[in-house]
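Undergrad: need a 3D model of the following:
(one chain, ligands or ions: 2)
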Amino acid sequence: MSKQQPMDSIIIFDTTLRDGEQAPGGAMTIPEKVEIAHHLQRLGVDVIEAGFPISSPAQFEAVRRIVSEVHGPTICALARAKPDDIDAAGKALEGGAKTRIHTFIATSDIHLNAKFADERYGKTLSDKRQVVKKMAVDAVLRAKAFTPDVEFSAEDAGRTETAYLCEVVQAVIDAGATTINLPDTTGYCIPDEYGRLIREVMDGCTFSESVIFSTHCHDDLGLAVANSLSGVQAGARQVECTINGIGERAGNAALEEIAMALVVRADHFNVKTQINPSFLTDTSKLVSTFSGFVVQHNKAIVGKNAFSHEAGIHQDGVLKSRETYEIMRAEDVGQDSQAIRLGRHSGRHGLFNRIAQLGVKITDANKDQIYNDFVALADRKKEINDTDLLNLVHEHKQVKTQPHYKLESFHCSVGTGQEPKATVVIRDMRKDEVIEKSATGDGPIDALFRAIDHAVNEGHDLVNYSIRSVTEGADAFGEVSILIGLGGPLFAGKASSTDVIHASAEAYMNALNSLAAHRAEEESIQFVNSGIMQAFGSGASE
Ligand code: KIV
Ligand code: ZN
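TA: Ligands and ions are numbered 1, 2, ... in the order given. Coordinates of the predicted model:
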């Protein structure tokens, strides 16, 4: 298609709550489904397939809740081509402003022979085909009594003989189906084949402009997204997909990948959707949490690593111009824009750029040593985070500076039914004063940090606290990393011990000492500057 043609709209039909939830182990509760539906509405999907009401009371209730609470998208319910299924779907959708019944029946010979083996569906394959076609038509007619918006799916269309598929599709269009979905139920098709199927069925039927053809692709060969896009190119104007591509077996086409392919390659597809990509990552995280399916790090669009560069050559290129290795921006899909990830493959440019971003000044003379220490650390640790980096840089500075505060002792008490309490004794090395303070908190570490704050009185925010086990077992060595700051540069502290409360206290003290040293340095610069200004001032008046 040429760029000059007006863009067609693609209807995004999300089936996370129906086909997605059918994934083994992916069941979600009703409140979780309702919350996801709200997020799908915010994301801009056109149709939400909320469930399969006849299949269980919980499915029925989920559809009922979503149709009454989520406004904007069309809410759809699934039904086999059976009267009871259609009635249950119609009942669950009752009262909804925009509703759709989605009815389906299998059309491939493989399915007909297996699922309709009983002679009441006909003796020969040809008889069975006619019975199934009639069941499809009856289902559409029955659904029409509940809502004008009726979708028909020819299950296993991907392996159905095209001539028969056209016959069924024409019959359901004549019965009033407004959306015709051609599922590649088993993920068997390859892209040009699937596109051809859509094209041939569209060419083989007569229908008005209001009838929409739809794709529904499974990912058994990892081709669900490619097949869906091929269907769009062939003329489909609805795509059925799920967040994170969850679904039966290998899953469904991933909504986020479809949406971004249509944005990034609008020059190629010349179609648009109502999806607001900035909500993609949040929605993906929510679905991952509720379904229990972790999103793989390298997952396109929403994976943790989808916009991260670790290789030195890539980091160098991206820092010079993002276009070198990025076809879209992390921020556009709601991901963290921090693209540079530091690890053993990173180079000097990426490292020093990140240190500068953290507000830390280092001298050229220090750079080689810092880089060498970084490389040595990266050999031991997979990913170097900001806390590691600040520790590394501050280690160089701390050689020169004496700590301002020293933790002489601490005591924490915790127990059932007792508010956690901590007492610390801290020596202020500059004033040679010993301060004892106590505090309570949400837990022993919170109480401890509060007590230290009372004693030290260096205003700051706790930006990050993390703990990782360095060895194994109940007596494992715990390494605590702390990051503090107040708007400006950040200060890190690290300590390890088999006693994680002790390690936490020491790490916190290290971070506070770095902050105090920085503040003292700033004060002395200000002091020198004001002296210079005074000298100038008095000189000028003489
Ligand atoms: O994959 C499939 O065929 C389906 C139908 C119910 C649409 O999910
Ligand atoms: Zn499916």
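Undergrad: how about low-confidence regions in this structure?
TA: By pLDDT under 70, the low-scoring segments of the chain are 1-6, 338-339, 395-401, 470-477, 528, 531-533, 535-542.
Undergrad: which segments of it make up each domain?
TA: Segmentation of the chain into domains, based on automatic domain parsing, reads 8-291, 312-397, 405-526.
Undergrad: turn the ones you listed into TSV, including mean neighbour count and distance to residue 301.
TA: Bear in mind the C-beta positions are built from the backbone N, C-alpha and C, glycine included. Output for these, formatted as TSV (neighbours: other C-beta atoms under 10 Å; distance: least, C-beta to C-beta, whole Å):
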stretch	mean neighbour count	distance to residue 301
domain 8-291	20	4
domain 312-397	16	5
domain 405-526	17	26
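Undergrad: need those in a markdown table with distance to ligand 1, can you?
TA: Converted to a markdown table, the domains of the chain look like this (distance: least, C-beta to the nearest ligand atom, whole Å):
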| stretch | distance to ligand 1 |
| --- | --- |
| domain 8-291 | 3 |
| domain 312-397 | 26 |
| domain 405-526 | 42 |
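Undergrad: quick one: closest of those to residue 299.
TA: Minimum separation from residue 299 across the domains of the chain (C-beta to C-beta) falls at domain 8-291, 7.2 Å.
Undergrad: select, out of the domains of the chain, the one closest to residue 297.
TA: domain 312-397 (10.6 Å).
Undergrad: surely residue 169 meets residue 203?
TA: No - look at residue 169 against residue 203 with C-beta atoms under 8 Å: they stay out of range, at 11.4 Å.
Undergrad: now the domains of the chain as a markdown table including distance to residue 297?
TA: Output for those, formatted as a markdown table (distance: least, C-beta to C-beta, whole Å):
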| stretch | distance to residue 297 |
| --- | --- |
| domain 8-291 | 12 |
| domain 312-397 | 11 |
| domain 405-526 | 18 |
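Undergrad: which of these sits closest to residue 304?
TA: The minimum distance between residue 304 and the domains of the chain falls on domain 312-397, with 8.5 Å, by C-beta to C-beta.
Undergrad: what segments of the stretch 101-250 of the chain are strands?
TA: If DSSP state E, counting those that start in this stretch is used as the criterion, the strands of the stretch 101-250 of the chain fall at 150-155, 179-184, 212-217, 238-241.
Undergrad: closest one to residue 144 among those?
TA: Minimum separation from residue 144 across the strands of the stretch 101-250 of the chain (C-beta to C-beta) falls at strand 150-155, 5.6 Å.
Undergrad: quick one, that closest one and strand 179-184 angle?
TA: Angle of strand 150-155 versus strand 179-184, following axes from the mean of the first three to the mean of the last three C-alpha atoms, to 10 degrees, is 20 degrees.
Undergrad: strand partners of strand 150-155, parallel vs antiparallel please.
TA: Paired strands of strand 150-155, with direction, are strand 99-106 (parallel), strand 179-184 (parallel) (DSSP bridges).
Undergrad: any idea how far the shortest one is from the middle of the chain?
TA: What it means is strand 179-184. Centre-to-centre, strand 179-184 and its host chain are 28 Å apart (C-alpha atoms, centre = their mean, to the nearest Å).
Undergrad: contacts for that strand, please.
TA: With C-beta atoms under 8 Å, 6 or more residues apart in numbering as the test, strand 179-184 has contacts from 100, 102, 104, 149-158, 165, 169, 172-173, 194, 197-198, 201, 207, 211-218, 224, 227, 231, 236, 238, 240.
Undergrad: quick check: angle from it to strand 212-217?
TA: 20 degrees.
Undergrad: would you list the phi and psi of the residue nearest to residue 19 when sequence neighbours are not counted?
TA: Nearest-residue entry for residue 19: residue 247, 4.7 Å, with adjacent residues in sequence omitted and distances by C-beta to C-beta, 6 or more residues apart in numbering. Backbone torsions of residue 247, given as degrees, to the nearest 10, read phi 160, psi -180.
Undergrad: what residues are up against residue 247?
TA: Counting by C-beta under 8 Å, 6+ apart, residue 247 touches 15, 19-20, 22-23, 218-219.
Undergrad: gap between it and residue 216?
TA: Distance, residue 247 to residue 216, by C-beta to C-beta, to the nearest Å: 10 Å.
Undergrad: quick check, residue 306 in a strand?
TA: No - counting by DSSP: H, G, I helix; E, B strand; the rest coil, residue 306 is not part of a strand but coil.
Undergrad: what's around it, how many residues?
TA: Neighbour count for residue 306, taken as other C-beta atoms under 10 Å: 18.
Undergrad: quick check: it touching residue 300?
TA: Yes - the criterion here is C-beta under 8 Å, and residue 306 meets it with residue 300 at 6.1 Å.
Undergrad: what is in contact with these two at once?
TA: Taking C-beta under 8 Å, 6+ apart as the contact criterion, residue 306 and residue 300 have no common neighbours.
Undergrad: check which helices and strands the top helix by length along the chain sits against.
TA: Criterion DSSP state H: the longest helix present in the chain is helix 500-541. When contacts are defined as 3 or more C-beta pairs under 8 Å, 6 or more residues apart in numbering; DSSP states H and E, helix 500-541 packs onto helix 386-398, strand 405-415, helix 444-456, strand 461-469, strand 478-485, strand 490-497.
Undergrad: distance between that helix and the chain's centre?
TA: Taking C-alpha atoms, centre = their mean, the mean C-alpha location of helix 500-541 is offset from the chain mean by 42 Å.
Undergrad: sorry, back to before: now do the shared contacts for residue 169 and residue 203.
TA: By C-beta under 8 Å, 6+ apart, no residue touches both residue 169 and residue 203.
Undergrad: quick one, what contacts residue 219?
TA: Neighbouring residues of residue 219 by C-beta under 8 Å, 6+ apart: 187, 225, 245, 247, 249-253.
Undergrad: any chance of those in CSV, with distance to residue 291 too?
TA: Formatted as CSV, these follow (distance: C-beta to C-beta, whole Å):
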residue, distance to residue 291
187, 19
225, 19
245, 11
247, 10
249, 15
250, 15
251, 11
252, 13
253, 16
